[in-house]
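K.L.:
coordinates for the following, if possible.
(one chain, ligands or ions: 1)
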Amino acid sequence: ADELERYAPLAPAAGSGSSSKQPLVGIIMGSDSDLPVMLPGARILDRFQVPYELTIVSAHRTPDRLVEYSRSAVARGLRTIIAGAGGAAHLPGMVAAMTALPVIGVPVKGSSLDGVDSLHSIVQMPRGIPVATVAINNGTNAGLLAVRILGAGVPHLVDDMEAYLRSLESEVLAKVDKLEEV
Ligand code: RP5
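P.N.:
Numbers count the residues shown, from 1 in each chain. I've put the predicted structure just below:
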């Protein structure tokens, strides 16, 4: 955690966020109804002890907040932003248009169209403004991708990620062993 602080020298971020240290990741979502999808990403950051903030920013309902959040993100010390939204999911793309930080988009499945509308809204960015898009409702992978992005500059996070991959492998191999007993 001390090592992480060296990568976050700027002022603490303001927000309704969660962990107590200088946030390196901003987790934002269009509505509190997106929270069940986004929380697993926050839990991943907890697991890797990556400080984050978590709040609601709506591209359509709070456009001024969107601009302020995106424009201030670098100066506030954030390193990566995870943005989740459903339906006409413009939030990740608009954030990416207003900050140089990497933006990870999480398409949230709404009440109709199975989330394909959100996926297409987030993934089909124009040339020049990339959003790294994870699968529909996959907040976990957004958290893991954020750790990998940060890990490129923080060696112990690469080690931790390799340990995580080995733990996934062990889980599957344990299931293989169990199946062989059937
Ligand atoms: C989007 O509209 C939000 O990201 C959410 O997925 C969807 C529905 O929002 P609520 O009507 O539940 O607030 O902006």
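
K.L.:
in the chain, which helix or strand is least confident?
P.N.:
The least trusted helix or strand in the chain, going by mean pLDDT, DSSP states H and E, turns out to be helix 2-6, with a mean of 39.

K.L.:
show me how far whichever strand or helix holds residue 64 is from its chain's centre.
P.N.:
Using DSSP states H and E, residue 64 maps to helix 63-72. Put simply, helix 63-72 sits 17 Å off its chain's centre (CA atoms, centre = their mean, to the nearest Å).

K.L.:
remind me what it packs against, helices and strands.
P.N.:
helix 91-98 (3 or more CB pairs under 8 Å, 6 or more residues apart in numbering; DSSP states H and E). Bear in mind the C-beta positions are built from the backbone N, C-alpha and C, glycine included.

K.L.:
which residues are contacting the helix or strand following the helix it packs on?
P.N.:
Using DSSP H and E, the helix or strand that follows helix 91-98 in sequence is strand 103-108. Strand 103-108 is contacted by residues 29-30, 34, 37-38, 41, 80-86, 89, 91-93, 95-96, 115, 118-119, 121-123, 130-139, 142, 145-146, 149 when judged by CB atoms under 8 Å, 6 or more residues apart in numbering.

K.L.:
so which of those residues sit within strands?
P.N.:
29, 80, 81, 82, 83, 84, 85, 86, 132, 133 (DSSP state E).

K.L.:
check contacts around residue 35.
P.N.:
residue 29.

K.L.:
one more time with 10 Å
P.N.:
27, 29, 42, 54, 56, 84, 108, 139 (CB atoms under 10 Å, 6 or more residues apart in numbering).
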